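Enquirer: Quick one, fold the following:
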Amino acid sequence: MKTVFILLFCLLSFVSFSQIETIDARIAEYDAKIAEAIAEEMEEITPHLSTSCPLMLPAIGPVNHEIDIYFEHYQEESGADGVGMKTICSIRKVSF
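Expert: Predicted coordinates for the structure are as follows:
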């Protein structure tokens, strides 16, 4: 019984490692798109929001952190009859 649990744990570890590789690949693709849009000065392709967040850290005091949120938006039809459009936004990357 212990052997079954150990084998199952090893299998789950392997599967989770492969998911991390997929996520890292997607992040690298999106980082490349952001770098390309910034280099070509096309900010409308990769919309982003920049803000600062003041945090109070113990023994340090107030620290302003810059936060960049990159998102993707697109429009699709909102009804079965094709009347109207709705905009959908998805957060793709947050730099803190």
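
Enquirer: List the buried residues in the lowest-mean-pLDDT helix or strand in the chain.
Expert: Using mean pLDDT, DSSP states H and E, the weakest-scoring helix or strand in the chain turns out to be helix 2-39, at a mean of 75. By neighbour count with 16 or more other C-beta atoms under 10 Å, helix 2-39 contains the buried residues Lys33, Ile34, Ala37. Bear in mind the C-beta positions are built from the backbone N, C-alpha and C, glycine included.

Enquirer: Any chance of JSON lines for those residues, columns distance to Glu66?
Expert: Formatted as JSON lines, the buried residues of helix 2-39 follow (distance: C-beta to C-beta, whole Å):
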{"residue": "Lys33", "distance to Glu66": "21"}
{"residue": "Ile34", "distance to Glu66": "15"}
{"residue": "Ala37", "distance to Glu66": "19"}
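
Enquirer: What number of residues are in the vicinity of Tyr70?
Expert: Per other C-beta atoms under 10 Å, the neighbour tally for Tyr70 reads 19.

Enquirer: name the helices or strands packed onto the helix or strand hosting it?
Expert: Per DSSP states H and E, Tyr70 falls inside strand 61-77. Secondary-structure packing of strand 61-77 (3 or more C-beta pairs under 8 Å, 6 or more residues apart in numbering; DSSP states H and E): strand 48-57, strand 85-95.
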